[in-house]
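*Asks:* Have a look; sequence and predicted model below, questions after that.
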Amino acid sequence: MLLLVVFVPFVFISCKSKEDKAAELIKTELSKTLYNFDSYQPIETIVKEAKNTAYNDSLCWAKAAVLAVGMEQYIEKTHEATQSVERAQIWGAPTYYSSSYSDRKFYKYMEEGRNMMIEANIAAMVCNGIADSLNAMIQSLDTTIVIGWEVIHSFRCKTRGGDPEIAHYRYVTDKKFKKVLLQEDTESKSDKHIREAMQMVIDGWNNIEIIDIYFCYRETIIDHIFVA
């Protein structure tokens, strides 16, 4: 009888499915990060082998996250530079007939545009360097190796505002379902940008062109870049 008491729990534990083990690990992870964990209701857990690809490698994912931030900075600063130059064009370039007030406005906005483009160029150079580094990391991966499990987990929960929603997360775990190696919110804007940045490098990164910062003082180039 004693053997039966010891043996039955052992069999029960060892017979847990991959899905059960994954769900248990993910529940523990979400209990640390989910805003309203009491509202958590699992819907579906799909488990499959995770190979050593760029999207499953935590270091590649982290590098792509930095690249995504850099790309956002480049786009933001370029947009701000465009707006500043457009404001300068509204005031018009100084002429013999223009007022000192409009001249000051013109130079003010042109200088702002120039400064923003300097920042955009810095972001571009950083992005190009990160992309080169990420590409080297991706090329070094042996994608035939199985590193663990890829888990797609859907669940219900409530937002900070108390509204119900259905979330879809992707996890990469170790082979024994003891540790989460990577987490992706498939509907998160920031995580989508990371995935897009990764794909751009995989497809062949085209270096962002560094623009001559003195274009702000050459009206023909301004027209070509921002108007044409």
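*Replies:* Ah, there it is.

*Asks:* Ala64: neighbouring residues, count only.
*Replies:* 28 (other Cβ atoms under 10 Å). Where you see a C-beta, it was placed from the backbone N, CA and C, and this is true even at glycine.

*Asks:* The closest residue to it other than its chain neighbours is in what secondary structure piece?
*Replies:* Spatial nearest neighbour of Ala64, chain neighbours left out: Met198 (4.2 Å); criterion: Cβ to Cβ, 6 or more residues apart in numbering. Met198 belongs to helix 189-204 when elements are defined using DSSP states H and E.

*Asks:* any idea where the helices of the chain begin and end?
*Replies:* Taking DSSP state H as the test, the helices found in the chain are 2-14, 18-33, 58-91, 100-139, 189-204, 219-222.

*Asks:* Let's have the ones you listed in CSV, adding mean pLDDT and distance to Glu44.
*Replies:* Listed next are these as CSV, based on pLDDT from 0 to 100; distance: least, Cβ to Cβ, whole Å:
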stretch, mean pLDDT, distance to Glu44
helix 2-14, 45, 23
helix 18-33, 95, 9
helix 58-91, 93, 23
helix 100-139, 93, 30
helix 189-204, 96, 19
helix 219-222, 42, 54
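
*Asks:* mind checking which of these is nearest Glu150?
*Replies:* Closest to Glu150 of those, according to Cβ to Cβ: helix 18-33, at 9.6 Å.

*Asks:* Can you give me the distance of the residue nearest to Ala64 to Lys27?
*Replies:* Met198 sits 28 Å away from Lys27 when distances are taken as Cβ to Cβ, to the nearest Å.

*Asks:* Between those two, which is the more surrounded one?
*Replies:* For Met198 and Lys27, the more surrounded residue by other Cβ under 10 Å is Met198, and the numbers stand at 23 against 16.

*Asks:* Can you verify my assumption that the more buried one contacts Ala65?
*Replies:* No. Here Met198 does not reach Ala65: they are 9.2 Å apart, not a contact under Cβ atoms under 8 Å.

*Asks:* With Lys48 as the reference, measure out to Arg87.
*Replies:* Plainly put, Arg87 is 53 Å away from Lys48 if you go by Cβ to Cβ.

*Asks:* For the two, indicate the residue with more neighbours.
*Replies:* Arg87 (16 against 10).

*Asks:* so who does that one touch?
*Replies:* Counting by Cβ atoms under 8 Å, 6 or more residues apart in numbering, Arg87 makes contact with 105, 109.

*Asks:* Domain map for this structure?
*Replies:* By the assignment in automatic domain parsing, the chain contains the domains 18-55+141-204, 64-131+209-227.

*Asks:* I'd like to check the angle between the helix holding Met198 and helix 58-91, please.
*Replies:* 100 degrees (axes from the mean of the first three to the mean of the last three Cα atoms, to 10 degrees).

*Asks:* Alpha carbons of helix 189-204, in CSV - could you do that?
*Replies:* Extracted as CSV, the C-alpha positions of helix 189-204 are listed here (Å, rounded to 0.1, in the frame of the first residue of the first chain):
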residue,chain,number,x,y,z
LYS,A,189,3.1,48.1,-30.8
SER,A,190,6.6,48.1,-29.5
ASP,A,191,7.0,44.3,-30.0
LYS,A,192,5.7,44.6,-33.5
HIS,A,193,8.4,47.3,-34.2
ILE,A,194,11.0,44.9,-32.8
ARG,A,195,9.8,42.2,-35.2
GLU,A,196,9.8,44.6,-38.1
ALA,A,197,13.4,45.8,-37.3
MET,A,198,14.5,42.1,-37.1
GLN,A,199,12.9,41.4,-40.5
MET,A,200,14.6,44.4,-42.1
VAL,A,201,18.0,43.0,-41.1
ILE,A,202,17.1,39.5,-42.2
ASP,A,203,15.9,40.7,-45.6
GLY,A,204,19.1,42.8,-46.0
